[in-house]
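Enquirer: Whatever this is, show me its structure:
(one chain, ligands or ions: 2)
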Amino acid sequence: MILANKEKVNILSIETSCDETALSFVTASGGLKKPTFVVHGDVVASQIKLHQPFGGVVPALAKRAHIEHLPLLFKEIVDGGMRPEELDFITVTVGPGLEPALWTGIEFAKQLAEQYNKPLIGTNHLEGHLYSILVSKEKPDPKKIFPAIALIVSGGHTLLLQMDDLTHFKKIGETVDDAVGEAFDKVARMIDLPYPGGPEIERLAKEGNPMAINFPRPMVGHKNYNFSFSGLKTSVLYYLRDSAKAKKDIVKADIAASFQRAVSDVLIKKTLRAVEEFDAKSIMISGGVSANRTLRAEFAASIEKRFPIKKDRPELLVSEFSTDNALMIAASGYMDYLRGKEYKIEADGNLNL
Ligand SMILES: Nc1ncnc2c1ncn2[C@@H]1O[C@H](COP(=O)(O)OP(=O)(O)OP(=O)(O)O)[C@@H](O)[C@H]1O
Ligand SMILES: [Mg+2]
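Expert: Numbers count the residues shown, from 1 in each chain. Ligands and ions are numbered 1, 2, ... in the order given. This is a model prediction of the structure:
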């Protein structure tokens, strides 16, 4: 166990859970009361172009690219001024994600930890998304934002959490089938948009009418906080098939806009219901799909409508670092350090919260 006894710690973080190789070097201070991060280095090597021809991430290619990029990114961080001797610890994502990809980061981190004789902290990628809010420019004040509702919407996960404070939280809902990002990617493929589909759908949706097609809002009326996106995805498929049969014109922009609206309706309705039930003072949104500006704007508008009086209105905190990056891993590694949480230093593709 690494004792959290220093006011300021220098952290090197490493992320390789999917198709981004990322490293960051930060100084963290302030503890759980006021976690503060000074960023000295933050680098990402994206593999989007590598996987694009295959329409999705190919694990063996991802592994090879991580192995190639890790030493180059490390050199970039060192050239940017990091002296490995000054590190207090190294933190690395151990899951969830693609295991062959996760192992590359873990092995690299282990080597560095040994070479420079530094402690190594394994951390959870999902907590990384959650804590990415802490490294955003608009730093939330932990004294004012709890209880909170957190929504994590990424390529592999859709989670709703109720948080009492930074480190005490409970999962209240999750997807029972596809993740939101996965649904975006699959629907994009149906209308011939390249991988990753989320940003492409968002772009095309700007030219379409979100009311054109009435796609279902799965589980929106259910009392629980779970989500389902597989049926919505299938209804897009049926719409395409039926339109082709009937020789009806297909307006892809309308499909993109209507699909996106159906997704945001469900996410917003469930999140706001949780806000009311748990009397939340803030809503934190993170994960790749939270990069979607239309979703952010609809969230903001719905919050205003539902809470017309400003003092009753929960604060909307959207992560600036939505898609995979290493700053969020530094933040979750710091949280692990502070609370003495230890994950096994081995890849766990299915690690959950
Ligand atoms: N602007 C956007 N609109 C909608 N979806 C988006 C947007 N930008 C990215 N995405 C989606 O976000 C997902 C990638 O997010 P992220 O990097 O957080 O996921 P991941 O790391 O693959 O999965 P996980 O974090 O669950 O392990 C992809 O499915 C992508 O299509
Ligand atoms: Mg992710």
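
Enquirer: since we're on the residue in the stretch 101-250 of the chain that ligand 2 sits nearest to, how many residues are nearby?
Expert: In the stretch 101-250 of the chain, the residue that lies nearest ligand 2 is Ser154 (4.4 Å; Cβ to the ion). Every C-beta, even on glycine, is put in place using the N, C-alpha and C of the backbone. The number of residues packed near Ser154 is 25, by other Cβ atoms under 10 Å.

Enquirer: Apart from its neighbours in sequence, what residue is nearest it?
Expert: Gly287 (3.4 Å; Cβ to Cβ, 6 or more residues apart in numbering).

Enquirer: now Ala330
Expert: Once flanking residues are discounted, Ala330 sits nearest to Ser13: 3.8 Å by Cβ to Cβ, 6+ apart.

Enquirer: In a helix, that neighbour, correct?
Expert: No: counting by DSSP: H, G, I helix; E, B strand; the rest coil, Ser13 is not found in a helix; it is strand.

Enquirer: residues touching it, list them.
Expert: Contacts for Ser13 were tallied using Cβ atoms under 8 Å, 6 or more residues apart in numbering; they are 23-26, 90-92, 123, 326-327, 329-330, 333.

Enquirer: redo that, cut-off 7 Å
Expert: Applying Cβ atoms under 7 Å, 6 or more residues apart in numbering to Ser13 gives the contacts 23-24, 91, 326, 329-330, 333.

Enquirer: Same question for Asp165.
Expert: 142, 146.

Enquirer: Let me see the ranges of the strands in the stretch 251-353 of the chain.
Expert: Taking DSSP state E, counting those that start in this stretch as the test, the strands found in the stretch 251-353 of the chain are 282-286, 315-318.

Enquirer: average pLDDT for the shortest one?
Expert: In this case it means strand 315-318. Throughout strand 315-318, pLDDT has a mean value of 96.

Enquirer: ok, residues contacting that strand?
Expert: For strand 315-318, using Cβ under 7 Å, 6+ apart, the contacting residues are 133, 140, 145, 281-285, 290, 296, 299-300, 303.

Enquirer: residues contacting the residue of the stretch 201-350 of the chain found nearest ligand 2?
Expert: Here the stretch 201-350 of the chain gets closest to ligand 2 at one residue, Asp324, 4.4 Å apart by Cβ to the ion. With contacts defined as Cβ under 7 Å, 6+ apart, Asp324 is in contact with 15, 17-18, 20, 22.

Enquirer: of these, list those near ligand 1.
Expert: 17-18 (Cβ under 6 Å from any ligand atom).

Enquirer: can you list the contacts of Asp324 in JSON lines and add neighbour count?
Expert: Output for the contacts of Asp324, formatted as JSON lines (neighbours: other Cβ atoms under 10 Å):
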{"residue": "Glu15", "neighbour count": "29"}
{"residue": "Ser17", "neighbour count": "30"}
{"residue": "Cys18", "neighbour count": "25"}
{"residue": "Glu20", "neighbour count": "21"}
{"residue": "Ala22", "neighbour count": "28"}
